[in-house]
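> Sequence first, predicted coordinates after that:
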Amino acid sequence: MKILRNILNYLSRRSTWALPYAIFLGIFVALPMILIVIFAFTNNQGEFSLINFEKFITQPEAVNTFVYSIGIALVTTFLCILLGYPAAYILSNKNLNRSQTTAMLFILPMWINILVRTLATVALFDFIHIPLGEGALIFGMVYNFLPFMIYPIYNTLQKMDHSLIEAAEDLGAKPSTVFWKVTVPLSMPGVMSGIMMVFMPTISTFAIAELLTMNNIKLFGTTIQENINNGMWNYGAALSLIMLVIIGISSLFSDSDEQSQNEGGII
Amino acid sequence: MKKFFAQTYLWLLLALLYAPILIIGVFSFTEAKVLGNWTGFSTKLYTSLFAGGVRHSLIDAIENTLTIALIAAAVSTILGSIAAIGIHNMRGRRRQAIFFLNNVPMLNPDIITGISLFLLFISLGISQGYMTVVLAHIAFCTPYVVLSVMPRLQQMNPNIYEAALDLGATPFQALRKVIIPEIRPGMISGFILAFTLSIDDFAVTIFTIGNEGLETLSTFIYADARKGGLTPELRPLSTIIFVTVLILLIIINVRSRRAARKQENI
């Protein structure tokens, strides 16, 4: 009887309610990540080995794709900042734009299936006779990821303390000085999470590059997927691990704005 | 003048962003197999998508996408909300550990989540299909539910729950009558978020769907595109999806703005 009461007591403590989810996280988040590491460091006989990483370093094709993907991702991210920052600035500036609907229109494409969007881009290029290739790839990536750059920058600009700008103006700063010395530094967290939201998916996407280049250009994500599909699980896991390390390194540079990002939500 | 330039820039950018979708929309009203050929106005693609003797394989894909999204969103809303209540009452290391694991699927690129789950299923010898896709979707949707419910719990007055217990409610009655009404808005937005994430997903699905012929919308488009030609019926379908999402978002936005105004008035 006493045991039963103890169990009941334990169950009714609210901190216990996280238990099912904790178990779930263990099986479907922690274990799979550990499996990536295990597969990466074993050969297909299941013995410990570094052969997968050796293969990566010695195979010029994989390394080339890797470097090329980082290049494409950098260009895409740069273009997204170049196009997105002014847009976010205008959207958040009450003197230049009052309508919230315009802001919503920029965020809306984020909610459409990425393949449908890519499909539409391919259709557009076909329609105006732009050949599919590297140019199309970069344009398509910018199309796809621009909203992900605009949204976080817009968010930080909106939350920014405007009295700081007024103070700078009162102290005699020129509008351009105010912009470069006050607005830009204060919006950096937004730019950083924008970079994370554009750079990472650009490296890791597959399918999108294939659609935009008629299978002519491969990005790193595609290489990983092909290896997994062809049964090269260990090598695929090793490549995934390499990608994870890159992401880990790049996320060190960005501020941990993630929390407010996610809690803010879009809807 | 400055405002004029600013507005022009915004609308130019919007025109660029929406041009592809617009083209698809326009060319969904013509019969031509190849996009870009205009062979006169026709709604044949729409009718062949829905009616016709043969059930279009796209409809199956849509049905799978929607049922998977509904199940995944419902389960992750329940699992995530209960977990959020638990985490809210946890302290110290265990809380940090759970938060850390909760963040992993959100920070991971989809492809890594997909591959890691693929490795899990093959290691456990689970054959892949509908169930594994649903489980995978629950795995990456639940963290978002937890994060949308948590702020509601933090805003809640902790004494109400204690008061309910003091007044003789069992913990489960208190949960139903006190906590759930307080966190309901967070649960609803968590559900919507989970639902859209699940519908949108491609990378996780493709790694967990197996090769039994099961298709969701994303994998259908992918397979179709790899074959070279794109099924013309995808045009009306994308148009319908886009318009539906547009209307839903407008409704949600108008509602939340109205709610915000109401709160200001109080």
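Nice, I can see it.
> contacts and neighbour counts: CA atoms only from here.
Noted.
> So in chain A, which helix runs the longest?
helix A:60-92 (DSSP state H).
> taking the mean pLDDT, what do you get for that one?
Across helix A:60-92, pLDDT averages out at 90.
> what distance separates the next helix or strand after it from the centre of its chain?
Using DSSP states H and E, the next helix or strand after helix A:60-92 towards the C-terminus is helix A:100-107. Centre-to-centre, helix A:100-107 and its host chain are 21 Å apart (Cα atoms, centre = their mean, to the nearest Å).
> cool, and stretch A:87-99?
The answer for stretch A:87-99 is 25 Å, by Cα atoms, centre = their mean.
> Stretch B:41-51 too?
Put simply, stretch B:41-51 sits 27 Å off its chain's centre (Cα atoms, centre = their mean).
> was I right about B:Ala6 contacting A:Ile90?
Yes - B:Ala6 lies in contact with A:Ile90 (Cα atoms under 8 Å); the separation is 6.3 Å.
> which of these two has more neighbours?
A:Ile90 (22 against 18; other Cα atoms under 10 Å in any protein chain shown).
> Could you pull up phi and psi at the closest residue to the more buried one other than its chain neighbours?
Take A:Ile90 and drop its neighbours on the chain: the residue closest to it by Cα to Cα, 6 or more residues apart in numbering or on different chains is A:Leu96, 5.8 Å away. Here is the backbone geometry of A:Leu96 (degrees, to the nearest 10): phi -100, psi -30.
> Next: A:Trp233.
According to degrees, to the nearest 10, A:Trp233 has phi -60, psi -40.
> List the contacts of it.
A:39, A:227, B:119 (Cα atoms under 8 Å, 6 or more residues apart in numbering or on different chains).
> could you redo the last one with a cut-off of 7 Å?
Going by Cα atoms under 7 Å, 6 or more residues apart in numbering or on different chains, A:Trp233 touches A:Asn227.
> how much space between it and B:Leu120?
Distance check for A:Trp233 against B:Leu120: by Cα to Cα, to the nearest Å, it reads 12 Å.
> mind listing what the residue nearest to A:Ile90 touches?
A:90, B:3, B:6 are the contacts of A:Leu96 under Cα under 7 Å, 6+ apart.
> by contact count, what packs against the longest helix of chain A?
Identification of packing neighbours for helix A:60-92 by 3 or more Cα pairs under 7 Å, 6 or more residues apart in numbering or on different chains; DSSP states H and E yields helix A:51-58, helix A:134-159, helix A:184-204, helix A:220-229.
> ok, residues contacting the next helix or strand after the third one?
Elements were assigned by DSSP H and E; along the chain past helix A:184-204, the next helix or strand is helix A:208-213. For helix A:208-213, the surrounding residues in contact (Cα under 7 Å, 6+ apart) are A:115, A:118, A:122, A:132-134, A:136-137, A:140, A:216-219, B:225.
> Of the residues you listed, grab the buried ones for PyMOL.
Selecting the buried subset of those in PyMOL, with 16 or more other Cα atoms under 10 Å in any protein chain shown as the burial test, is done by:
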select buried, (chain A and resi 115+118+122+132+133+136+137+140+217+218+219) or (chain B and resi 225)
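> circling back to that earlier point, how far away from the center of its chain is the longest helix of chain A?
Worked out by Cα atoms, centre = their mean, helix A:60-92 lies 11 Å from the chain centre.
> Buried ones in that helix, by neighbour count?
Under the neighbour-count criterion of 16+ other Cα under 10 Å, helix A:60-92 has A:62, A:65-66, A:68-70, A:72-81, A:83-92 buried.
> What sits closest to A:Glu134 if chain neighbours are left out?
In space, A:Glu134 is closest to A:Thr213, 7.0 Å off (Cα to Cα, 6+ apart).
> One more: B:Pro232?
The shortest distance from B:Pro232 to any non-neighbouring residue, by Cα to Cα, 6+ apart, is to B:Lys33 (5.8 Å).
> got the residues of the stretch 1-150 of chain B near chain A?
B:3, B:6, B:10, B:14, B:17, B:20-21, B:23-24, B:35-36, B:79, B:82-87, B:89-90, B:98, B:101, B:109, B:111-112, B:116-117, B:119-120, B:139, B:147-148 (Cα under 7 Å from any Cα of the partner chain).
> Restricted to strands, list the residues you listed.
Among the residues of the stretch 1-150 of chain B next to chain A, no member is found in strands (DSSP state E).
> Tell me which residue lies nearest the centroid of the chain.
Went with chain A since none was named. A:Met197 (3.1 Å; Cα atoms, centre = their mean).
> oops, chain B please
The C-alpha lying nearest the average C-alpha coordinate of chain B belongs to B:Thr196 (Cα atoms, centre = their mean; 1.5 Å).
> What helix or strand is that residue located in?
helix B:180-200.
> and that helix, how far from the chain's centre?
Counting by Cα atoms, centre = their mean, helix B:180-200 comes out at 9 Å from the chain centroid.
> elements contacting that helix?
So helix B:180-200, by 3+ Cα pairs under 7 Å, 6+ apart, packs with helix B:57-88, helix B:130-155.
> now these as a markdown table including mean pLDDT?
What follows is the helices and strands packed on helix B:180-200, written out as a markdown table (pLDDT from 0 to 100):
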| stretch | mean pLDDT |
| --- | --- |
| helix B:57-88 | 92 |
| helix B:130-155 | 92 |
